[in-house]
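*Asks:* Next come a sequence and a model predicted from it.
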Amino acid sequence: MTAIRVLIVDDQMMVREGFTVLLNAMPGIEVVGEAVDGRQALAQVAALKPDVVLMDIRMPEMNGIEATREIVAAHPEAKVLVLTTFDLDEYVYQALRAGASGFLLKDASARQLADGVRIVASGEALLAPTVTKRLITEFAKRAQAPRGPGTAQYGELTERETEVLVLIAQGLSNGEIASHLVVAESTIKTHVSRILVKLGLRDRTQAAVFAYEARLVTPG
């Protein structure tokens, strides 16, 4: 099995070195490079082709939000996992809207860090049961007009697809949604794929953000 390739982006050397040691000790994960800011991260992603980018937000030169936006646009195969010191940080919310697939606190344990990398690399959103859901809920209250998908696109969803979208926003995995709706997990995977295509979204995290901004889920 090929190891998950990780790029660590943080302006603090001790953070980069600490995460490198922790992740390299985990089976199936390999840290392939580091970057000190968003601009260097763009160059490293292009050169190293990582599967997952661990992205700090507050950095000189180019912050993590701008870097996330540019990385997901130029390298859609790379998943961005945002790192933050604060669990309720509006910059993290902006990063999720920019295309990040989830976030972790910097004080996460080695196992939480490795699990987060694996979850994001597999194409899942790092939403539940972490504080990500709470963050999305909090800042959806303050959100301006939804970006991207419009009402016409939202109207293209079937009733079942809308139901699945709501459950995604509530933080349920495909397996949990399948159990809730009493259908096969493969059926849910098909629904999720169709939802993303119809709404023009990158992944489950953006689908969850969209659901909150479209008021399909009531914040709180």
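*Replies:* Right, received. Where do you want to start?
*Asks:* what residue ranges in this protein score low on pLDDT?
*Replies:* Applying pLDDT under 70 to the chain picks out residues 1, 86-90, 125-155, 218-220.
*Asks:* I'd assumed residue 5 was in a strand, is it?
*Replies:* Yes: under DSSP: H, G, I helix; E, B strand; the rest coil, residue 5 sits within a strand.
*Asks:* So residue 33 sits against residue 48, correct?
*Replies:* Yes: counting by C-beta atoms under 8 Å, residue 33 touches residue 48, with 4.8 Å between them. C-betas here are computed from N, CA, C, even on glycine.
*Asks:* Which of these two has more residues huddled nearby?
*Replies:* Set residue 33 next to residue 48 and count neighbours by other C-beta atoms under 10 Å: residue 33 wins out with 20 against 15.
*Asks:* show me where the protein has helices.
*Replies:* Applying DSSP state H to the chain gives helices spanning 13-24, 38-48, 64-74, 90-98, 110-121, 132-140, 151-154, 159-169, 174-181, 185-199, 204-213.
*Asks:* quick one: the fourth one to chain centroid distance?
*Replies:* Meaning helix 90-98. Relative to its chain's centre, helix 90-98 lies at 10 Å (C-alpha atoms, centre = their mean, to the nearest Å).
*Asks:* picking that back up, between residue 33 and residue 48, what contacts are shared?
*Replies:* Here residue 33 and residue 48 have residue 7 as joint contacts, going by C-beta atoms under 8 Å, 6 or more residues apart in numbering.
*Asks:* I'd say residue 85 and residue 105 touch.
*Replies:* Yes: using C-beta under 8 Å, residue 85 makes contact with residue 105 at a distance of 7.2 Å.
*Asks:* Of these two, which one has the most company?
*Replies:* Each of residue 85 and residue 105 has its neighbours counted (other C-beta under 10 Å); residue 105 has more, 16 against 11.
*Asks:* The more buried one pairs with what?
*Replies:* Taking DSSP bridges as the rule, residue 105 bridges to residue 84.
*Asks:* Quick check: which of the helices of the chain is buried the most?
*Replies:* helix 204-213 (a mean of 24; mean count of other C-beta atoms under 10 Å).
*Asks:* Could you measure from residue 107 over to residue 29?
*Replies:* For residue 107, the distance to residue 29 (C-beta to C-beta, to the nearest Å) stands at 19 Å.
*Asks:* err, residue 51, not the other one
*Replies:* If you measure residue 51 against residue 29 using C-beta to C-beta, the figure is 9 Å.
*Asks:* okay, and the common contacts of the two?
*Replies:* Residues touching both residue 51 and residue 29 by C-beta under 8 Å, 6+ apart: 4, 6.
*Asks:* phi, psi of the residue nearest the centre of the chain?
*Replies:* The residue lying closest to the centre of the chain (C-alpha atoms, centre = their mean) is residue 101, at 1.0 Å. The phi/psi pair for residue 101 (degrees, to the nearest 10) reads phi -90, psi 0.
*Asks:* quick revisit: neighbour count: residue 107 and residue 29, which is higher?
*Replies:* residue 29 (20 against 8).
*Asks:* list the contacts for that one?
*Replies:* If you count contacts by C-beta under 8 Å, 6+ apart, residue 29 has them with 3, 4, 6, 23, 114, 117, 118.
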